[in-house]
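Peer 1: return atomic coordinates for the entry below.
(one chain, ligands or ions: 1)
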Amino acid sequence: MDTSKKNNPVYSHTDTSKVNLSNDEWKKILPPEVYYIARMKGTERPWSSKLEHFYETGTYYCAACGHPLFKSDTKFDSGCGWPSFFEPIGKNNITYAPDYSHGMVRTEVKCGRCDAHLGHVFEDGPPPTGLRYCINGVVLDFKKNENETKKQDEKLKKN
Ligand SMILES: [Zn+2]
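Peer 2: Presented below is the predicted three-dimensional model:
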């Protein structure tokens with residue numbers, strides 16, 4: 001857990017109980033850029049996320065509450081400027097809501113545990129789902145697969 005989480009009492013990779021906090025409460029525990037996207041439904045600048053071209057093996061978690069959201073093997077290079085996935089880690093890990101803002105009809109994608117705004121899903125993704133989950137990198141935490149890390153450590157020890 002990095003230090004930006006030390007003031008966040010709800011952050012957990014394993015607790016699946018719903019989180020219901022007011023925006024005032026969230027504001028106290030989230031870094032401003034995470035609050036802006038997760039709670040104010042903001043959007044990060046395209047091509048600004050270091051996770052856009054990032055292909056390590058592991059799991060992506062909600063940066064607001066730590067809930068698992070996506071696995072690295074469902075990530076693909078969509079060229080749209082935001083980290084993109086074709087499938088969530090589990091059916092109930094994210095929720096959907098219609099979004100009519102900015103004169104468009106889109107489907108908003110939210111964290112299934114804390115309701116954080118994550119991004120949108122579009123129907124122009126690759127097989128097998130045909131979906132493109134277009135997600136703000138700011139609201140994603142990445143954690144390397146433990147086994148993968150161990151393998152690399154062993155390799156380093158041998159060399
Ligand atoms: Zn969350």
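Peer 1: centre-most residue in this protein?
Peer 2: Centroid check for the chain by CA atoms, centre = their mean gives Leu140 as the closest residue, at 3.4 Å.
Peer 1: before we move on, what SS does the residue lying closest to Gly137 once chain neighbours are set aside have?
Peer 2: Using CB to CB, 6 or more residues apart in numbering and skipping residues adjacent in sequence, the residue nearest Gly137 is Ser49, 2.7 Å away. Where you see a C-beta, it was placed from the backbone N, CA and C, and this is true even at glycine. Secondary structure state of Ser49, per DSSP: H, G, I helix; E, B strand; the rest coil, is coil.
Peer 1: and the protein, which of its residues are near the ion?
Peer 2: 62, 64-65, 67, 111, 113-114, 116 (CB under 5 Å from the ion).
Peer 1: again, only this time at 8 Å
Peer 2: For the chain, the residues in contact with the ion (CB under 8 Å from the ion) are 19, 38, 62-67, 69, 111-116.
Peer 1: what is the least confident helix or strand in this structure?
Peer 2: helix 146-158 (a mean of 70; mean pLDDT, DSSP states H and E).
Peer 1: could you export stretch 96-111 as CSV, CA atoms only?
Peer 2: Only the C-alpha atoms of stretch 96-111 are listed here, as CSV (Å, rounded to 0.1, in the frame of the first residue of the first chain):
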residue,chain,number,x,y,z
TYR,A,96,-23.3,0.8,-15.2
ALA,A,97,-25.4,3.9,-15.6
PRO,A,98,-26.7,5.8,-18.6
ASP,A,99,-24.9,9.1,-19.2
TYR,A,100,-26.5,11.8,-21.3
SER,A,101,-24.0,14.5,-20.5
HIS,A,102,-22.1,16.5,-23.2
GLY,A,103,-24.9,15.9,-25.8
MET,A,104,-24.0,12.2,-26.1
VAL,A,105,-25.6,9.0,-25.1
ARG,A,106,-23.0,6.9,-23.3
THR,A,107,-22.8,4.2,-20.7
GLU,A,108,-20.9,5.3,-17.6
VAL,A,109,-18.8,2.6,-15.8
LYS,A,110,-18.6,2.8,-12.0
CYS,A,111,-16.8,0.9,-9.2
